[in-house]
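> what shape does this take:
(2 chains)
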Protein chains: 2
Amino acid sequence: MNKIKVGILGYGNLGQGVEMAVHQAEDMELVGVFSRRQPSQLTTESPTFSVDELEKMKDQIDVLILCGSSDKDLPKQGPYFAQYFNTVDSFDTHNDIPAYFNKVDKSAEDGGYVSVISSGWDPGLFSLNRLISEAILPAGETYTFWGPGKSQGHGAAVRQVEGVKDAVQYTIPSQKLLDEINQGHSIEYTSTTAHVREVFAVLEEDADPEQVEQMIVNMENYFKDYETKVCFISQEELDRDHGGVPHGGRVIRQGYTDESNQSLYEFRLNLDSNPEFTAAVNVACARAAYRMAEKGMVGAQTIFDIPPVLLSPKSAEELRRELL
Amino acid sequence: MNKIKVGILGYGNLGQGVEMAVHQAEDMELVGVFSRRQPSQLTTESPTFSVDELEKMKDQIDVLILCGSSDKDLPKQGPYFAQYFNTVDSFDTHNDIPAYFNKVDKSAEDGGYVSVISSGWDPGLFSLNRLISEAILPAGETYTFWGPGKSQGHGAAVRQVEGVKDAVQYTIPSQKLLDEINQGHSIEYTSTTAHVREVFAVLEEDADPEQVEQMIVNMENYFKDYETKVCFISQEELDRDHGGVPHGGRVIRQGYTDESNQSLYEFRLNLDSNPEFTAAVNVACARAAYRMAEKGMVGAQTIFDIPPVLLSPKSAEELRRELL
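A predicted model of the protein is given here:
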């Protein structure tokens, strides 16, 4: 069997996760890691290249996985590289997805390639479960709960507060609302009532804890209106106990097949490493992108468009026999 | 918009569930219920027909949903009607699926139609989640837990025991194993350790409870090797408290993105009505079958082959905007 030849662009947490996931995939091989940094500066046993080499190597790569950020890298890289490669990315700025899709779609169509955009878990698997559960249970409500997990954006916001030396933030789903759903009750869901925020922060030496706490809990868009707990700890504690990047959450649809019969549909993830799992989804989507291109498809695609059989290294026949 | 015209063959619990689900689908209309019984004997406000009318009405029906049983009806009906209609069925005899697929596939190809087989939740949504979770997390284990819910086959087996007038059986997943998984431990899973069986039985007047209980708990293939609780109740209690057909369960993959980082992937259903939910899945698959046929596809398909976008009445653009 010819292995699917994968390239990685960007070598942060996500790119490193993709590297691991490609090594776990028996039907794939890694051509190399491409970066804007000096290739020699990347700590990896994989071949490394400058991003400037990428276009020249286009015939050696079946799928390029874009591991840059949604705010700075993908808006340019996505549409650009879709002209030259089958690509996968995890563009996750929800509101900008339609416009991003259209741009990538045009490039991929022009180039004759397939680009899977917004892969990962949210957007990604959570979106898929929102779609499937709503299609099966048109009468009902869908709820998304995030966490328990570390929210990078909120941690960064706390680190901007005067008097804060370092900080992380955890998003915790409301156990009360989850219990109510499990008891079959309908709930009053808003993003603020469904989540609690926990901050672990290290103070600057001369900072006033009470003042810092007030600045955090009242921060507009991030913490105001949420139940927020702030806990001050030492840098040592922070480094020792809060270095991981766990995350997860659940999508729940409370649907009704008739007036009285409820169907509870729940999809849940609990991840020790958010970027590694996102990377693992991207690698399965890379397999699908390659196969869709082999079938002659072109243009931008999302998890909504992928026949699930294309995600697995197994044949359709094996899957029917073993997993159906 | 032209509505998708649906026919129902068979009017037991599943057929009645399909009727309800078609009424909930804004893009579908029910052409009629077809049965081997006298049409006048069916209690429904929908048009009713004898099964003998079916072939004559083939141009009036976009998708025929087969609601017969996997042991008696579908082995003949599936391959037969696949020649004349796009079909959906919930053939659920796991071991026979590959052979059944091949037969239906040949008929559907000959007739130029699409047949979605083995739709529902297991096989169906559970299978889909086994596939997706294994494709994303190749290193790990998948566990299926059934229940809490009523198992029709086990209830029927108990009702055969001498001295039993009436009975139902519930399958309960092992909370101990579920807790261990949630704590991140790996488990020793077998179908017998993962489930507890609860029997509620009504005794014949002269039956010896102890003797009946022993016959139940020692029944080969059904209860032997399982932890089984037997509870004798009155017919009134059974009728009052155990008339529903609840079921559900979960598919869990405990995967590893690297040696130490675990990803827990869980899909769970908790259903007040097993047949109504199965029916709701079949109706979403009927939409997909119709659309696949419109695209020129032919042959047998499973949930593994369906691009999820085809399950939803919404357009791809709406779905990207609202749910991605």
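> surely A:A279 meets A:G12?
No - under the criterion of C-beta atoms under 8 Å, A:A279 is not in contact with A:G12, lying 10.6 Å apart. Every residue, glycine included, has its C-beta placed from N, CA and C.
> what's the local residue count around A:I65?
By other C-beta atoms under 10 Å in any protein chain shown, the residues close to A:I65 number 31.
> which residues does it bridge with?
Note on A:I65: beta-bridge partners A:I8, A:V88, judged by DSSP bridges.
> that one: what's it in contact with?
Counting by C-beta atoms under 8 Å, 6 or more residues apart in numbering or on different chains, A:I65 makes contact with A:6-9, A:15, A:18, A:87-89, A:282-283, A:286.
> how about A:G12?
When contacts are taken as C-beta under 8 Å, 6+ apart, A:G12 is in contact with A:67, A:69, A:275.
> quick check, pLDDT for the last one.
It stands for A:P275. The confidence metric pLDDT takes the value 97 at A:P275.
> next one: phi and psi at it?
The phi/psi pair for A:P275 (degrees, to the nearest 10) reads phi -70, psi -40.
> show me the contacts for A:N86.
Contacts were defined as C-beta under 8 Å, 6+ apart; by that measure A:N86 touches A:62-64, A:113-115, A:286, A:289-290, A:293.
> hmm, 10 Å instead?
Contact criterion C-beta atoms under 10 Å, 6 or more residues apart in numbering or on different chains gives A:4, A:6, A:61-65, A:108, A:111-116, A:286, A:288-294, A:298 as the residues in contact with A:N86.
> also A:D105?
The contact partners of A:D105, taken as C-beta under 10 Å, 6+ apart, are A:79, A:82, A:115, A:117, A:298-301.
> okay, those in JSON lines with secondary structure, distance to chain B and neighbour count next?
Output for these, formatted as JSON lines (DSSP: H, G, I helix; E, B strand; the rest coil; distance: C-beta to the nearest C-beta, whole Å; neighbours: other C-beta atoms under 10 Å in any protein chain shown):
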{"residue": "A:P79", "secondary structure": "helix", "distance to chain B": "16", "neighbour count": "21"}
{"residue": "A:A82", "secondary structure": "coil", "distance to chain B": "16", "neighbour count": "28"}
{"residue": "A:S115", "secondary structure": "strand", "distance to chain B": "14", "neighbour count": "32"}
{"residue": "A:I117", "secondary structure": "coil", "distance to chain B": "9", "neighbour count": "29"}
{"residue": "A:V298", "secondary structure": "coil", "distance to chain B": "15", "neighbour count": "17"}
{"residue": "A:G299", "secondary structure": "strand", "distance to chain B": "11", "neighbour count": "20"}
{"residue": "A:A300", "secondary structure": "strand", "distance to chain B": "10", "neighbour count": "26"}
{"residue": "A:Q301", "secondary structure": "strand", "distance to chain B": "9", "neighbour count": "28"}
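> A:K295 against A:V114, yeah?
Yes - here A:K295 reaches A:V114: they are 9.2 Å apart, a contact under C-beta atoms under 10 Å.
> returning to that earlier point: anything in contact with each of A:A279 and A:G12?
When contacts are counted by C-beta under 10 Å, 6+ apart, the set common to A:A279 and A:G12 consists of A:C67.
> if we can go back for a sec, looking at A:K295 and A:V114, which one has more neighbours?
The neighbour count for A:K295 versus A:V114, taken as other C-beta under 10 Å, is higher for A:V114 (29 against 10).
> do I have it right that the more buried one meets A:R287?
No - look at A:V114 against A:R287 with C-beta under 10 Å: they stay out of range, at 11.5 Å.
> now for these two: what residues contact both?
A shared contact of A:V114 and A:R287, defined by C-beta under 10 Å, 6+ apart, is any residue touching both; here these are A:63, A:88, A:306.
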